[in-house]
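Novice: What shape does this take:
(2 chains)
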Amino acid sequence: MGDSSSATFRDRLLSREEVIAWFDSRRRSLGITAGPALVWLVLLLAAPLTFMVSVSFVNVNESYQIVWQPTLANYEALFAGGGPLFQRAFVQSLVLSYAIAAVTTILCLVLAFPLAYLLARKGGRTFKVVIFLVLLPFFTMYLVRAYSWYLMFGPSGVINATLLKFGIVNEPLAMFSYGVTAIIVGLTHAYFPYMLLSLYASLDGLDYSLVEASRDLGASRTETLRDVILPLTLPGIISGSLFVFVPSLGAFVTPRFLGQGKVLMIGQLIKDRIGSLYAVGYGSAASMFIVVSIVIAFAVAFRYVSIEDLGGI
Amino acid sequence: MDHETIERLIRLGLYGTAGALLVFLWVPLVVMMVLSFAVNSSTLFPFEGLTLAHYGATFADSGLIGAMFTSMAIATISATIATVLGVLASMALARYEFPYRELYRTLGILPMVIPGVIFGIAMLIYFRTLLGIVPGFWTVVLTHSVYGLPFVLLIVTSRMYTFDESLEEAARDLGADPIETFVDVTFPVLAPAIGAGFLFAWIRSFEDFIRAFFVRGTANVLTTSMFSMIKYGTAPKMNAISTFIVFVVAVLLAIAMNAGDVASYVADTDGE
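Specialist: All right, here's what the predicted structure looks like:
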């Protein structure tokens, strides 16, 4: 750019009318507003994910160079076992992760509904205090929350130590040791607020005269809940479940702390392979199972809710 | 059972579950806070007395405190990028019709939904294997700037949808030019949402462990330092630094909730 053109550019910047005229074009405004994020998302989200998909279909040699030849070896390794390090664990982890994520989601839903209902019905001070008490753990580091449960559980953890201290039990209870129970508790604690906020957003928009009408017309409480409240809050239930299920499925920190090696969830498996061995082919292929699960979960969810309903987080 | 009794039982059940839930949310954190002041740092019993020694050791740990400042720098830069991009994108989404708009929106929300392990790995192999960039401070910033974007996008778009555009028309009718209209009318209305979005993106970056773990290279951030402290057992410093973080977040959140209606941005898709 020469001197003259940069001078013109400066003049332009200084001239208010010119700036306004420039922005007046719809195409330019759209480019200025939508463009930067688009570039960012293509370069730093779409491209990395696409690259990961392609890496899952190629081989990587010993010096971590990619050999661009299509192969299903990575996927075969997941199921057949490609050496002593990679055996069998994958399928087990995957099934276990689905089960843990599903239980966590149901638990969050059942626990959050009453509180969301109360919050939606009450306003004012109570609401503010309660929402503060819910949001504070939510905003606190995820790592800290997982760690706080790490202190609670375990053979000599706070729960068992307290039970022993007060003579309620004579020896540490296995259910309060590290394992699947501890992981589910930790994940519920971690993702519960997502469910609560999604349900709250739905319940808050609910027209309660419909509930009253249903009762006046002779429907029982369970009928009203089943036929009026639940259908109307379905978007909240679905988006809340999505926001609990998906991160639970790929969880790493919680199972690491609260499983203490007894449980291997899919997120840990992938992290171990890539973090310590840089087995990118294997890791990418394993990741695809989570990515595809997410795509399916969203495709199902979007049949019932629009993407706007996914707000509120 | 008569009507009154059932009503009372239902109310009792509702309040009971709600109360139990708050206890569930808080008990582990409170226990951790108590332990941070206790001589015995890993379990409540036997209780050996109170001390501030753990805090002293924590704040004397220059590695840990240095990592905390690195995390704050990363959070600030990445949240700023996320906020600028997110606000602009929100305007496009709320004001214009364009091809593939829903795809654009989905892409913008995706970073929030995709599990950290997957996103972290995708970024690592992208930077390291494809682009040949050595991971470090700036790769964490870039990764977190994408991660923070959805939080800004969701909060600001929900505010824009409730924005009364007749306010802008009124300003224009009264003689304000588009720049004045934006500065004096549009921006003040959006400002609380933009602030809340920035805060969200900042906190998400600051607390992130798994994404940072993959793309940090040799840079130490707070969460990775904390993670290596507890990797092989409990550490007294972990209770202290964790309690400190809970305290700081509590103060920030209280200020934010009083200054702007954070609760409605967080919990209410309809804005008001």
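
Novice: Which strand or helix spans A:Phe132?
Specialist: Counting by DSSP states H and E, the element that carries A:Phe132 is helix A:124-139.

Novice: counting contacts, what elements does that helix pack onto?
Specialist: Using 3 or more Cβ pairs under 8 Å, 6 or more residues apart in numbering or on different chains; DSSP states H and E as the contact criterion, the secondary-structure elements in contact with helix A:124-139 are helix A:89-121, helix A:180-204, helix B:3-36, helix B:236-259, helix B:262-267. (Each C-beta comes from the backbone N, C-alpha and C, glycine too.)

Novice: By mean pLDDT, point me to the weakest helix or strand of the chain.
Specialist: Since no chain was named, I'll use chain A. Using mean pLDDT, DSSP states H and E, helix A:3-14 stands out as the lowest-scoring helix or strand of chain A, at a mean of 53.

Novice: circling back to that earlier point, tell me which of the helices and strands packed on helix A:124-139 sits nearest to B:Thr129.
Specialist: Smallest distance to B:Thr129 across the helices and strands packed on helix A:124-139 (Cβ to Cβ): 22.1 Å, for helix A:89-121.

Novice: contacting residues around whichever residue of the stretch 101-250 of chain A sits closest to chain B?
Specialist: Of all residues in the stretch 101-250 of chain A, A:Gly250 sits closest to chain B, at 2.5 Å by Cβ to the nearest Cβ. A:Gly250 makes contact with A:Ser97, A:Ile266, A:Gly267, A:Ile290, B:Pro115, B:Gly116, B:Val117, B:Ile118, according to Cβ atoms under 8 Å, 6 or more residues apart in numbering or on different chains.

Novice: With B:Thr181 instead?
Specialist: When contacts are counted by Cβ under 8 Å, 6+ apart, B:Thr181 touches B:Glu168, B:Ala171, B:Arg172.

Novice: Buried ones in stretch B:45-60, by neighbour count?
Specialist: B:His54, B:Tyr55, B:Thr58 (16 or more other Cβ atoms under 10 Å in any protein chain shown).

Novice: Correct me if wrong: the last one contacts B:Ile241.
Specialist: Yes - using Cβ atoms under 8 Å, B:Thr58 makes contact with B:Ile241 at a distance of 5.2 Å.

Novice: Sketch out the low-pLDDT regions of the stretch 101-250 of chain A for me.
Specialist: Under the criterion pLDDT under 70, the flagged ranges of the stretch 101-250 of chain A are A:123-124.

Novice: whoops, I mixed them up, chain B
Specialist: For chain B, counting by pLDDT under 70, the residues that fall below are B:1, B:41-44, B:46-47, B:232-234, B:256-272.

Novice: How about the closest residue to chain A within it, nearest residue that isn't a chain neighbour?
Specialist: Of chain B, the residue with the smallest distance to chain A, taken as Cβ to the nearest Cβ, is B:Pro115 at 2.5 Å. Using Cβ to Cβ, 6 or more residues apart in numbering or on different chains and skipping the chain neighbours, the partner closest in space to B:Pro115 is A:Gly250 (2.5 Å).

Novice: Need the phi and psi values for that neighbour.
Specialist: According to degrees, to the nearest 10, the main-chain angles of A:Gly250 amount to phi -100, psi 20.

Novice: go on, B:Gly86?
Specialist: Torsion angles, degrees, to the nearest 10, at B:Gly86: phi -70, psi -40.

Novice: What is the burial count for it?
Specialist: 31 (other Cβ atoms under 10 Å in any protein chain shown).
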